[in-house]
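> Just a sequence and a predicted model for now, questions to come.
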Amino acid sequence: MGQKTNPIGFRLGVIETWRSKWFEERNYAKWLHEDLKLRACVKNKHYSAGISRVEIERAANKVKVNIFTARPGIVIGKKGAGIEQLKKELQRLTENDVFINIQEIRKAEIDAQLVAENIATQLERRIAFRRAMKKALTISMKFGAKGIRVACSGRLGGAEMSRYEWYREGRVPLHTLRADIEYGLATARTKQGAIGVKCWIFKGEVLPAGKEPPQRRGRRQAPPAGPRADA
């Protein structure tokens, strides 16, 4: 009880889909490690571009890499030079033909991975952790999130003993499968040590067409006061 499972893996096949879309029996391990290398290469080269996730699709001898970023201009570069350089680097990691597709994230303020990375960057710049966490809560709720939870763990504030602190605003129903919850994880490399940052953002409930969300149970209200019979 009380242990957190990954909200994305928990909802796979229900409202979430896989980040790698392919099927292979013989070369499964090879393709799996290729996917990890491709993601690490994209993330390390363009960390400042605000890359939320990298989805990979494979068909025969082709690899399609979908990059979801908040700043597509940094990835594409001047006249497409950046994307050509990235394609050459990814091509060295795989034998298949690489195709890159850039997709822009409109609201980076309610993307869990980008929020977690933003907090981690602030911690590395020695900004107070409480201030960074509370600011992230306020901005996300302002941009339309239904609920957000942020947690930091490590030597917070340079303390000798590490601890775990979290803040929440709104609803974050982690056990509800129909709840559309994004999850992000980042690490702040400070002089005192590594500080882990986790972020959960609730964006609403995903329901089949024609169905309404179930009514939440609350306290039964007393009937309105009327004239007494013996008055």
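All right, it came through fine.

> and whichever strand or helix holds Val98, which strands flank it?
Using DSSP states H and E, Val98 maps to strand 97-104. Its sheet considered, strand 97-104 pairs with strand 62-69 (parallel) by DSSP bridges.

> who touches the closest residue to Gly50 other than its chain neighbours in this structure?
Leaving out its chain neighbours, the residue that sits closest to Gly50 by C-beta to C-beta, 6 or more residues apart in numbering is Ala70, at 3.4 Å. (Glycine included, C-beta is placed from N, CA and C.) Shown in contact with Ala70 (C-beta atoms under 8 Å, 6 or more residues apart in numbering): 49-50, 52, 104-105, 108, 111, 114.

> how many neighbours does Ala60 have?
Ala60: 6 surrounding residues under other C-beta atoms under 10 Å.

> for the one 3 residues further on, same thing?
When counting by other C-beta under 10 Å, one arrives at 23 neighbours for Val63.

> Adjust the sequence numbering to begin at 586 for everything that follows.
Sure, I'll start counting at 586 from here, so that last one is Val648.

> list the contacts for it?
Val648 is in contact with 619, 623, 641-642, 679, 681-684, counting by C-beta under 8 Å, 6+ apart.

> With Ala634 instead?
654-657, 659-660.

> Gln707 versus Lys719, what's the distance?
With distances taken as C-beta to C-beta, to the nearest Å, Lys719 is found 12 Å from Gln707.

> how far off strand 682-689 does the helix ranked longest in the chain point, in degrees?
Counting by DSSP state H, the longest helix found in the chain is helix 613-630. Angle of helix 613-630 versus strand 682-689, following axes from the mean of the first three to the mean of the last three C-alpha atoms, to 10 degrees, is 50 degrees.

> that older thread, now the contacts of Val648 as TSV including pLDDT and neighbour count?
Shown next, in TSV, are the contacts of Val648 (pLDDT from 0 to 100; neighbours: other C-beta atoms under 10 Å):
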residue	pLDDT	neighbour count
Glu619	93	20
Leu623	94	20
Ile641	95	19
Glu642	94	15
Thr679	90	18
Asn681	89	15
Asp682	92	12
Val683	92	18
Phe684	92	13
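
> Tabulate the residues you listed (JSON lines), appending distance to Pro592.
Formatted as JSON lines, the contacts of Val648 follow (distance: C-beta to C-beta, whole Å):
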{"residue": "Glu619", "distance to Pro592": "26"}
{"residue": "Leu623", "distance to Pro592": "24"}
{"residue": "Ile641", "distance to Pro592": "21"}
{"residue": "Glu642", "distance to Pro592": "23"}
{"residue": "Thr679", "distance to Pro592": "30"}
{"residue": "Asn681", "distance to Pro592": "31"}
{"residue": "Asp682", "distance to Pro592": "34"}
{"residue": "Val683", "distance to Pro592": "30"}
{"residue": "Phe684", "distance to Pro592": "30"}
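
> how's this structure carved up into domains?
As assigned by automatic domain parsing, the chain contains the domains 601-689, 693-790.

> could you pull out the strands for the protein?
Secondary structure of the chain (DSSP state E): strands located at 605-606, 636-644, 647-654, 682-689, 732-739, 748-755, 764-775, 778-790.

> low-scoring pLDDT stretches of the chain, where are they?
586-587, 793-816 (pLDDT under 70).

> give me that answer again for 90
For the chain, residues meeting the criterion pLDDT under 90 lie at 586-591, 598-600, 609-612, 630-635, 644-646, 657-668, 681, 691-692, 759-760, 791-816.

> How far does stretch 765-777 sit from its chain's centre?
Centroid separation for stretch 765-777 versus its chain: 10 Å, with C-alpha atoms, centre = their mean, to the nearest Å.
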